[in-house]
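Asks: Here's my sequence, what's the structure:
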Amino acid sequence: MSLWGIDRHRIAAALAAVRPGGAAEWADDEASAASERLQECGAVDDAGALDEPGALDALFARAIWGVLVEPGDSVAGALIAAVGPVTAARLVIDRVSPATIVDATRGEITTERAREGLLRWTERLREADIMRSLESAARCGASMIVPGDAHWPERVVALRDSQPVLLWARGDLELLRRPGVAIVGARAATGYGEHVAMELAAGLCAREVVVVSGGAYGIDGMAHRAALASGGATIAVLAGGIDRLYPSGHEALLTRVAEQGLLLSEVPCGSAPTKWRFLQRNRLIAALSAATVVVEAGRRSGALNTANHALDAGLPVGIVPGPITSAASAGCHALLRTGPVECVTSVAEVMQLAFDGDGVLEVPEPVEPLALSGRSAHVGPLAHRADPLHGRVIDALRPRRGQSPSDLAREVGEGADRIRAVLGVLDLEGRASLGADGLWRRAVAASSDEIEHAS
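Replies: Numbering: from 1, shown residues only. Predicted coordinates for the structure are as follows:
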C-alpha cells in the first residue's frame, strides 16, 4: 500500500497513462514495469526515482489537489507553496485542525481561512473521484502537466498563490514553451470585431506567435479559426473538463484545436463549465500570454475580466477601439479611459506591446503582480464585484432536481456551513427555494443566462 492507502501499482499505472509521452492505455500492474514506464514518459525526473518515497507521491498529491480545489484557490496555493503538495495533501487527509495549517504556513494563512479551506477540501475528499480523474483523462487522451515538467508554463508564476496545481492538456505541448498573445472579446461580436480578430490572429501567427483564447463564440472563435486557417498555432483554455468541448457549437473547432494546436484545462474531466470557472479560466489565459488584446467588449463582457487578471499580474493589455456608437466596444472604451492599458490598431503595435519590438523576442520573465492599492484598473466598469460564491451556488443549483447543502458543497468546492448561509440569502432574494423534501432548487427567476457574461 502507498502513503495514500491505495495500491501503489494502481497509482503508478494511472499516472503513467496520463503523463506526457505515456500511452493512453497501460494495464501492467508489476511495480518494476510501472517504474520503467514512468521513467520513459518523464513521470519522474531521475532514473529510478520511483523507488524513492515521494517521487510517485508528489505526482499523486497533485492529482488529489486537482480534485479538491476550485481554480484560483489561493489558500490551497499558499499551503502547497509552504509545505509541498504531499505534506499539504496529508494534512487534509488527516483532518488536522486549522491551527496546524496556520503553523505549517507560519501564519501566512489565517485561522479563519484555514478553517474554511479545510471545510471545502474535505467535502471533495473521495478516493473514487481522485482515481476517476486520472482514468477519465487517460480515456480521452489527456496529459497531466505539473510544475517542474519541461512543458510547464513558467509564466503562471505571475498568479502567485492562485496558480494552477496542475494542467490537463490535449494536443501539442510544445506550444506551452513558445511566446503567446491572448486575443479575447465579446461573444456577441460584430462583423468589425470578427474581422479585426482574424487579422490580428493571422498576423501574429505569421510572426510565430501562439494565439491564446478561450474557445467561446464571437471573438475567441474567430481568433482560433484564423490561427488554424493561416497554419499557425493556437491554445484554447477551457472552463470545464478537457473532455467537455464547450460551447457545443464549437465542438468541431475545438476538436481541430486539439489536433493542430492545444486544449488546456485545470479542472478534472467531467467538470461543468460554470460561471466561476469561466472567470478563473480567464486568469490562466492572461498568465499564459506575453500580452492580452481585447478586441471588443461590452460593459459586462468577460473579456474585461481577462484584461483585469492580466493587469493584476503586471502584464500588458492592449485595447482595440471601436465605433463610439457600438455597444460591443463600450467596455473597451471605458477601460481605455480608466485603466493602464494601450490602444492597439495593428499587428505591429501588438508585437511592440508584447515583445518591445516588431519581431518575436524571448518572452520576458513575468512581472511581479502589482498591488491592488494605488492602481486604477479596478475603477469604472470593473469596480463592482458581487460575492462570487453566490453565483457559484446559483450555477450549481438545478430548477427541478433537488440538492442538499452537502451535495452543493461538493460541487461548488466550499464548506457546507458557508453553502447553507448562501442558500439562506438566495432564498430571501427569491433566487433559490427549499422544497418540502428538504432539498434546494434554483428559482425560475434565477436564470442560468448569467453564465453568458462570464465566458
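Asks: beta partners of Ile183?
Replies: In this structure, Ile183 has beta-bridge partners Val293, where bridges are defined by DSSP bridges.
Asks: Distance of it relative to Ala307?
Replies: When distance is defined by CB to CB, to the nearest Å, Ile183 is 12 Å away from Ala307. To be clear about C-beta, it is placed using only N, CA and C from the backbone, and glycine gets the same treatment.
Asks: cool, Met351 as well?
Replies: The gap separating Met351 from Ala307 is 18 Å, by CB to CB.
Asks: and if you look at Glu112?
Replies: Taking CB to CB as the criterion, Glu112 is separated from Ala307 by 31 Å.
Asks: next one: Gly415
Replies: Computed with CB to CB, the distance linking Gly415 and Ala307 is 32 Å.
Asks: So which of those two has more stuff around it?
Replies: Ala307 (30 against 20; other CB atoms under 10 Å).
Asks: for the protein, which helix is longest?
Replies: helix 191-206 (DSSP state H).
Asks: Can you mark which positions in that helix are buried?
Replies: Within helix 191-206, the residues scored as buried using 16 or more other CB atoms under 10 Å are Tyr192, Gly193, Glu194, Val196, Ala197, Met198, Leu200, Ala201, Ala202, Gly203, Leu204, Cys205.
Asks: any idea how the chain splits into domains?
Replies: By the record's domain assignment, the chain is partitioned as 8-139, 143-382, 388-453 (automatic domain parsing).
Asks: quick check, distance from the first one to the centre of its chain.
Replies: Just to be clear, that refers to domain 8-139. 18 Å (CA atoms, centre = their mean, to the nearest Å).
Asks: quick one, helices of the stretch 151-300 of the chain?
Replies: When secondary structure is read from DSSP state H, counting those that start in this stretch, the stretch 151-300 of the chain shows helices at 191-206, 219-229, 251-260, 275-287.
Asks: Which of those sits closest to Gly402?
Replies: With CB to CB as the criterion, Gly402 lies closest to helix 275-287 of the helices of the stretch 151-300 of the chain, at 21.1 Å.
Asks: returning to that earlier point: run through the neighbouring helices and strands of the longest helix of the chain.
Replies: Helix 191-206 makes packing contacts with strand 180-184, strand 210-213, helix 219-229, helix 347-355 when contacts are defined by 3 or more CB pairs under 8 Å, 6 or more residues apart in numbering; DSSP states H and E.
Asks: State the mean pLDDT of that helix.
Replies: Helix 191-206 carries an average pLDDT of 96.
Asks: With just CA atoms, put it into PDB.
Replies: Once non-C-alpha atoms are left out, helix 191-206 reads as follows in PDB (Å, rounded to 0.1, in the frame of the first residue of the first chain):
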ATOM      1  CA  GLY A 191     -18.600  42.000 -38.200                       C
ATOM      2  CA  TYR A 192     -16.000  44.700 -37.400                       C
ATOM      3  CA  GLY A 193     -14.700  42.800 -34.300                       C
ATOM      4  CA  GLU A 194     -14.600  39.500 -36.100                       C
ATOM      5  CA  HIS A 195     -12.600  41.000 -39.000                       C
ATOM      6  CA  VAL A 196     -10.100  42.600 -36.600                       C
ATOM      7  CA  ALA A 197      -9.700  39.500 -34.500                       C
ATOM      8  CA  MET A 198      -8.900  37.400 -37.700                       C
ATOM      9  CA  GLU A 199      -6.500  40.000 -39.000                       C
ATOM     10  CA  LEU A 200      -4.600  40.100 -35.700                       C
ATOM     11  CA  ALA A 201      -4.500  36.400 -35.200                       C
ATOM     12  CA  ALA A 202      -3.300  35.700 -38.700                       C
ATOM     13  CA  GLY A 203      -0.700  38.400 -38.400                       C
ATOM     14  CA  LEU A 204       0.600  37.100 -35.100                       C
ATOM     15  CA  CYS A 205       0.800  33.500 -36.400                       C
ATOM     16  CA  ALA A 206       2.900  34.800 -39.400                       C
END
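Asks: Give me the angle between that helix and strand 180-184.
Replies: 170 degrees (axes from the mean of the first three to the mean of the last three CA atoms, to 10 degrees).
Asks: and helix 191-206, how far from the chain's centre?
Replies: Using CA atoms, centre = their mean, we find the averaged C-alpha position of helix 191-206 to lie 25 Å away from the chain's own average C-alpha position.
Asks: what does that helix contact?
Replies: Residues from elsewhere that reach helix 191-206, judged by CB atoms under 8 Å, 6 or more residues apart in numbering: 181, 183, 185-186, 189, 211, 218-219, 222-227, 229-234, 293, 295-296, 320, 322-323, 326, 328-329, 346-347, 350-351.
Asks: Who does Arg441 form a beta bridge with?
Replies: Beta-bridge pairing for Arg441 (DSSP bridges): Ser433.
Asks: So what's the residue count around it?
Replies: As a burial measure, Arg441 scores 18 neighbours (other CB under 10 Å).
Asks: measure it to Glu429 for me?
Replies: Separation of Arg441 from Glu429 (CB to CB): 14 Å.
Asks: before we move on, what about Gly117?
Replies: Looking at Gly117 against Glu429, where the rule is CB to CB, the gap reads 27 Å.
Asks: which residues of the stretch 351-455 of the chain fall in helices?
Replies: If DSSP H, counting those that start in this stretch is used as the criterion, the helices of the stretch 351-455 of the chain fall at 388-396, 405-412, 416-428.
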